[in-house]
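**Q** would you be able to build a 3D model of this:
(2 chains)
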Amino acid sequence: MKPKIAAQSGTFESSDVIFLIEPRPDNSGRKLEISSTVMQQFGASFNRIVIEMLDQYEMTDIHLIAKDKGALEPTIKARLETAIKRSLDQQEGTLK
Amino acid sequence: MKNFKKRRSMLYIPGNNPAMIQQGGIYGADSILLDLEDAVALNQKDAARTLVRNMIKVTNFYDAEVCVRVNHLSTPFGLADLEEIVPLQPSAIRYPKTESPEEVANLLKIIEKIEDRHGLPHNKMTLHAMIETAMGVQNVFNIASQFSRVDAITIGGQDLTADMNIIYTSDGAGIDFARKRIVMAAKASHIDVIDTVFPDVNDEEGLRKETEYAKKIGFTGKAVINPRQIEIIHEVFTPTEEEVRKAYRIVKEFRANSAAGIGVFAIDGKMIDAPVVARAEYILRLANVTVG
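**A** Below is the predicted model of the structure:
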């Protein structure tokens, strides 16, 4: 699936992460820009989580920017799920 | 008391704040309340719901009871909250602005449908009804007494004063009738009753005074909006050493007398009967003391 709209979720607060997602031209693949305050210790794990979730949602032609402030795995997954669903215009139970 | 749970303090944690959720268990509150309602902006309801769903699965809240306050079913968020949270079976769902027993019956029907879909029992997770409107205060006994899953009720002071179109004052004058009516409904239904928050986190004396008043009129515990408030609330609601010693003596002598076939007896010239023993047993449970 390809993002329909640009979307974001999360915050810049400590223990949180902010994701920004936007569509890319057809067949251009994924472009990931990930930065984290704990990149040296947990960068590989963060990248793995992001890629696994993008695979799970079959996301393609996507530009993803992540700014991490030391979020734990359940937070990373929650924020990315929210950003993906928002970008697919699949938000439920919220006001846009 | 149906199942004894210590509920001296109930700490509100905004559902969209990961740092506060992951640290929520370290402050020693008896209950943690993950809030999807008033603490979450209207355009972040989906984010908070997903975050709470993920965090609740893996976060260690130590001995605290974990409750989730969902949004009211009349909002676009309430049903989605239940769909995500009920399968996780927190200790309790807290339902805001409860106004009638019909509303609780409808809510329980929805919860049980979700539980059925996930093969979950109907008797594990309980329900806390928040009384925050004049109509809720009028109907509180029927809300508290008619459902085995409702094991606590609570007063929401800020929303209640808004509904009554009065200003919330630190002496609590405007909600005093509601407080007492809600306490009486809980006592008559043998369930817990939690007092509203004390909003000024810098006024420790005011917090102590209000908590002492809440204890005096029968509340089981008090809601907390800042971890700093927990210690004072626990000090007030935890029995003193003298109270525990006295309760221990009452229960011990009651058991000895019961074994000898004596129902009513005296300690230091004061009659001890079943209600006094029940009160003493409650104090011992609060103090984690068992009579050997």
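
**Q** from now on I want contacts and neighbour counts done on CA atoms only, so please keep to that.
**A** Will do.

**Q** how about residue B:121, secondary structure?
**A** Here residue B:121 is recorded as coil under DSSP: H, G, I helix; E, B strand; the rest coil.

**Q** please name the residues that touch it.
**A** Going by C-alpha atoms under 8 Å, 6 or more residues apart in numbering or on different chains, residue B:121 touches residue B:115.

**Q** so how far is chain A from it?
**A** Distance from residue B:121 to chain A, counting by C-alpha to the nearest C-alpha, to the nearest Å: 26 Å.

**Q** and that residue, what's its pLDDT?
**A** On pLDDT, residue B:121 comes in at 97.

**Q** measure it to residue B:63 for me?
**A** Here the criterion is C-alpha to C-alpha, to the nearest Å. By it, residue B:121 lies 22 Å from residue B:63.

**Q** one more: residue B:279?
**A** From residue B:279 to residue B:63 the distance is 24 Å (C-alpha to C-alpha).

**Q** which element, helix or strand, includes the spatially most central residue of chain A?
**A** By C-alpha atoms, centre = their mean, chain A has its centre lying nearest to residue A:80, at 3.9 Å. Following DSSP states H and E, one finds residue A:80 within helix A:73-87.

**Q** is chain B within reach of that helix?
**A** Yes. Contact between helix A:73-87 and chain B, assessed by C-alpha under 8 Å from any C-alpha of the partner chain, occurs at A:74-75, A:77-79, A:81-82.

**Q** returning to what we had before: the residue nearest to the centre of chain A touches residue A:19, doesn't it?
**A** Yes. Look at residue A:80 against residue A:19 with C-alpha atoms under 8 Å: they come within range, at 6.5 Å.

**Q** hey, what's in contact with both of those two?
**A** The contact sets of residue A:80 and residue A:19 overlap at residue A:9 (C-alpha under 8 Å, 6+ apart).

**Q** who are the contact partners of residue 21?
**A** No chain specified, so I'll use chain A. By C-alpha under 8 Å, 6+ apart, the contact list for residue A:21 reads A:3, A:6-8, A:62-65, A:83-84, A:87.

**Q** not quite, go with chain B.
**A** Residue B:21 touches B:13-15, B:34, B:55, counting by C-alpha under 8 Å, 6+ apart.

**Q** can you list phi and psi of residue 9 for me?
**A** Picked chain A for this. Main-chain torsions, residue A:9, degrees, to the nearest 10: phi -150, psi 160.

**Q** sorry, should have said chain B
**A** Torsion angles at residue B:9 (phi, psi; degrees, to the nearest 10) stand at phi -130, psi 140.

**Q** so it makes contact with residue B:223?
**A** Yes. Residue B:9 is in contact with residue B:223 according to C-alpha under 8 Å; the separation is 5.7 Å.

**Q** give me the pLDDT for residue A:95.
**A** 70.

**Q** which SS class is it?
**A** Under the three-state scheme (three-state DSSP), residue A:95 adopts coil.

**Q** pretty sure it sits against residue B:42.
**A** Yes. Between residue A:95 and residue B:42 there is a contact at 5.6 Å, judged by C-alpha under 8 Å.

**Q** the two: which is more packed in?
**A** Higher neighbour count among residue A:95 and residue B:42: residue B:42, with 16 against 13, using other C-alpha atoms under 10 Å in any protein chain shown.

**Q** burial of residue B:19, as a residue count?
**A** Neighbouring residues of residue B:19 were enumerated by other C-alpha under 10 Å; the total is 18.

**Q** got it, and residue B:99?
**A** Using other C-alpha under 10 Å, residue B:99 is surrounded by 22 other residues.

**Q** can you pull the contacts of it?
**A** Counted by C-alpha under 8 Å, 6+ apart, residue B:99 has contacts B:131, B:133, B:135-137, B:139-140, B:143.

**Q** just the ones of these in strands?
**A** residue B:131 (DSSP state E).

**Q** could you work out the most separated pair of the contacts of residue B:99?
**A** Between any two of these, the greatest separation by C-alpha to C-alpha is 13.0 Å, found for B:133 and B:143.

**Q** neighbour count for these two, which is higher?
**A** The neighbour comparison of residue B:133 against residue B:143 (other C-alpha under 10 Å) goes to residue B:143, with 27 against 24.

**Q** if I look at that one, how far off is chain A?
**A** 27 Å.
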